[in-house]
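Participant: structure, please.
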Amino acid sequence: MANKAEKNREARNLSLLYHLLTGILLVHLIYVPVRVWWFSNSFSGFHWFGFASTSLVILVSFYFLWSAHKRGLDLGLQGSVLEYLQDLIYVGLAVLVMTIFSDWFFLLWLVVAIYAFYKLWTQFLAPWIFEPAPEEEEMTSTRKVRKNKQRFAARR
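Facilitator: Just a heads-up that it's a prediction; the model follows:
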């Protein structure tokens, strides 16, 4: 029974990776001829940087998904880092498609950065900064131990 579940997970993972790779290749095969060659007069250093950084984010995210698949992890696991990597690929592909029409769509990466900061703040930084001091709990526990010692000593 477990072997069947592993085979199903393997098939789902391969299907997801195949569809992501197809989307990555398709978008790049559309973007490069249209934006780089056809609109070459408006393709500046800013565009090269945007294209290269977006492609790098997409490819690194795909590499991490591929290596997670090779280690036997489930790529469809809800709420995991792998889900965020898939989202980065989708946003990157959307940015590349939309920047064919307008350069302002590179600013969509700011939404990703703001969301990452929000998650970092709410899940790590704010609880760590605003966590109440643990000294109060230690004081009460040491008081209880001291009272217990006094009671035990009084019984002798």
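
Participant: make it CA atoms for all contacts and neighbour counts henceforth
Facilitator: OK.

Participant: tell me the secondary structure at the nearest residue to residue 98 once chain neighbours are set aside.
Facilitator: Once flanking residues are discounted, residue 98 sits nearest to residue 105: 6.1 Å by C-alpha to C-alpha, 6 or more residues apart in numbering. Three-state assignment for residue 105 (DSSP: H, G, I helix; E, B strand; the rest coil): helix.

Participant: show me the contacts for residue 105.
Facilitator: 95, 98-99 (C-alpha atoms under 8 Å, 6 or more residues apart in numbering).

Participant: ok, now residue 31?
Facilitator: So residue 31 contacts 96-97, 100 (C-alpha under 8 Å, 6+ apart).

Participant: and the end-to-end length of stretch 100-114?
Facilitator: By C-alpha to C-alpha, to the nearest Å, the extent of stretch 100-114 from end to end equals 24 Å.

Participant: which of the residues in it are buried?
Facilitator: For stretch 100-114, burial by neighbour count (16 or more other C-alpha atoms under 10 Å) applies to 100, 103, 105-106.

Participant: stretch 73-93 too?
Facilitator: Applying 16+ other C-alpha under 10 Å to stretch 73-93 flags 73-75, 82, 85-86, 88-89, 91-93 as buried.

Participant: now do it, average pLDDT.
Facilitator: Averaging pLDDT along stretch 73-93 gives 93.

Participant: what's the answer for stretch 36-47, then?
Facilitator: Per-residue pLDDT values across stretch 36-47 average out to 85.

Participant: so where's this protein uncertain?
Facilitator: Low-confidence regions of the chain, defined by pLDDT under 70, span residues 1-2, 133-141, 152, 154-156.

Participant: could you pull out the helices for it?
Facilitator: 2-31, 45-70, 81-98, 108-120, 126-129, 135-155 (DSSP state H).

Participant: one step back: out of the buried residues of stretch 73-93, who's nearest residue 5?
Facilitator: Using C-alpha to C-alpha, residue 74 comes nearest to residue 5 of these, at 10.9 Å.

Participant: and the closest one, how far from residue 53?
Facilitator: In terms of C-alpha to C-alpha, residue 74 sits 27 Å off from residue 53.

Participant: just residue 67 next, same as before
Facilitator: 21 Å.

Participant: before we move on, what about residue 92?
Facilitator: Here the criterion is C-alpha to C-alpha. By it, residue 92 lies 10 Å from residue 53.
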